[in-house]
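Visitor: sequence-free structure coming up:
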Ligand SMILES: Nc1ncnc2c1ncn2[C@@H]1O[C@H](COP(=O)(O)OP(=O)(O)OP(=O)(O)O)[C@@H](O)[C@H]1O
């Protein structure tokens, strides 16, 4: 593909003492892709996400976002360039209502230095927050304290908070973890519909292979800090190495990629 990737890692490397958590990771993600990141515990998924979002400096390598190096930039700066991470702001004020959390997220997205002296609740912000909650089908919870809403709804609010900033790219950390089985597909259907409507590129870490197989256009499989497979879901989930090292034995490519911990 000749088009500039939206996110690109070049020879990304990270060690923690003797542990190599990321080893020569070369990945190019293009606009509109929905990429699933899989791997067993300790495979390096979080390390990779933390590096590309600015939370963790790589030991070596380069990270490009929209053709610009983002190496060394603070997470907030990277967020403001258009890369949103689902849990970044969601946990800021668990005691606030759903709407107020949305207003905080919007305020942070709008001003480089959010100030508590500026009013949070302007009519324009309330309108935008309500419209976003509606898009996710959770407007009925606007006045509920965020910790008091069902887990699936809370997840949707988390993602709505990330999307309210109109990011180009959205990184999700296990969007369906802790969500009741019967809620998982409806939740992902809502997220994917909104994401598609807004043309957002998505990268998400997920242990549930059913979710991965159903929603992503491409999988990155991590093992021991390396990307051992990168391609369409059918191909990657059928890969012998992935079946042995990631998905585990006897799951036919659709089991959980790790023991519950
Ligand atoms: N801050 C740290 N200090 C020391 N070692 C770390 C640190 N963060 C990660 N590691 C190590 O780096 C390796 C990769 O960890 P990472 O958290 O990226 O894996 P993961 O694939 O996200 O696992 P999980 O599915 O359990 O979240 C592991 O061996 C881990 O112990």
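Guide: Sure thing, it's come through. Everything numeric in this text was worked out from a predicted model, so none of it was measured.
Visitor: Every contact and neighbour count from this point should use C-alpha atoms.
Guide: Will do.
Visitor: residue boundaries of the strands in the protein?
Guide: Remark: strands assigned in the chain by DSSP state E are 7-16, 19-29, 34-38, 60-65, 68-69, 83-85, 169-173, 201-205, 218-223, 226-231.
Visitor: Point out where the stretch 151-261 of the chain drops to low pLDDT.
Guide: Residue ranges of the stretch 151-261 of the chain with pLDDT under 70: 249-261.
Visitor: Check it for the residue nearest the ligand and tell me.
Guide: Nearest residue of the stretch 151-261 of the chain to the ligand, counting by Cα to the nearest ligand atom: residue 225, 6.4 Å away.
Visitor: Spit out the contact partners of that residue.
Guide: Counting by Cα atoms under 8 Å, 6 or more residues apart in numbering, residue 225 touches 20, 21, 22, 23, 43, 44, 45.
Visitor: Which ones, among those residues, also lie beside the ligand?
Guide: Subset of the contacts of residue 225 in contact with the ligand: 21, 43, 44, 45, counting by Cα under 6 Å from any ligand atom.
Visitor: ok, for the residue of the stretch 51-200 of the chain found nearest the ligand, nearest residue in space, not its chain neighbours?
Guide: With Cα to the nearest ligand atom, the shortest gap between the stretch 51-200 of the chain and the ligand falls at residue 56, namely 8.9 Å. Once flanking residues are discounted, residue 56 sits nearest to residue 50: 5.3 Å by Cα to Cα, 6 or more residues apart in numbering.
Visitor: Around the one you found, count how many other residues there are.
Guide: 16 (other Cα atoms under 10 Å).
Visitor: I figured residue 125 hits residue 106, correct?
Guide: Yes - contact status for residue 125 versus residue 106: in contact at 7.2 Å, counting by Cα atoms under 8 Å.
Visitor: Looking at those two, which one has more neighbours?
Guide: residue 106 (24 against 16).
Visitor: how many neighbours does residue 133 have?
Guide: The number of residues near residue 133, taken as other Cα under 10 Å, comes to 23.
Visitor: any idea what sits nearest residue 212, other than its immediate chain neighbours?
Guide: Here the residue nearest residue 212, using Cα to Cα, 6+ apart, is residue 36, at 6.1 Å.
Visitor: in the longest helix anywhere in the chain, what's buried?
Guide: For the chain, the longest helix by residue count, based on DSSP state H, is helix 181-198. For helix 181-198, the neighbour count (16 or more other Cα atoms under 10 Å) marks 184, 185, 187, 188, 191, 192, 194, 195 as buried.
Visitor: for residue 22, what are its contacts?
Guide: Contacts of residue 22 (Cα under 8 Å, 6+ apart): 12, 13, 14, 15, 44, 47, 48, 224, 225, 226.
Visitor: quick one: residue 166 and residue 82 touch, right?
Guide: Yes - under the criterion of Cα under 8 Å, residue 166 makes contact with residue 82 at 7.3 Å.
Visitor: For residue 181, give its distance to residue 151.
Guide: 12 Å (Cα to Cα, to the nearest Å).
Visitor: mind listing what residue 38 touches?
Guide: If you count contacts by Cα under 8 Å, 6+ apart, residue 38 has them with 45, 205, 206, 207, 219, 220, 221, 222, 246, 257.
Visitor: what do you get for residue 3?
Guide: residue 30.
Visitor: per-residue pLDDT, it?
Guide: Residue 3 carries a pLDDT value of 85.
Visitor: What is the burial count for residue 31?
Guide: 17.
Visitor: Could you tell me which residues of the chain lie near the ligand?
Guide: So far as Cα under 6 Å from any ligand atom goes, the chain lies against the ligand at 16, 19, 21, 39, 40, 41, 42, 43, 44, 45, 46, 47.
Visitor: partner residues bridging the first one?
Guide: The reference is to residue 16. residue 19 (DSSP bridges).
Visitor: Perfect, I'm done here.
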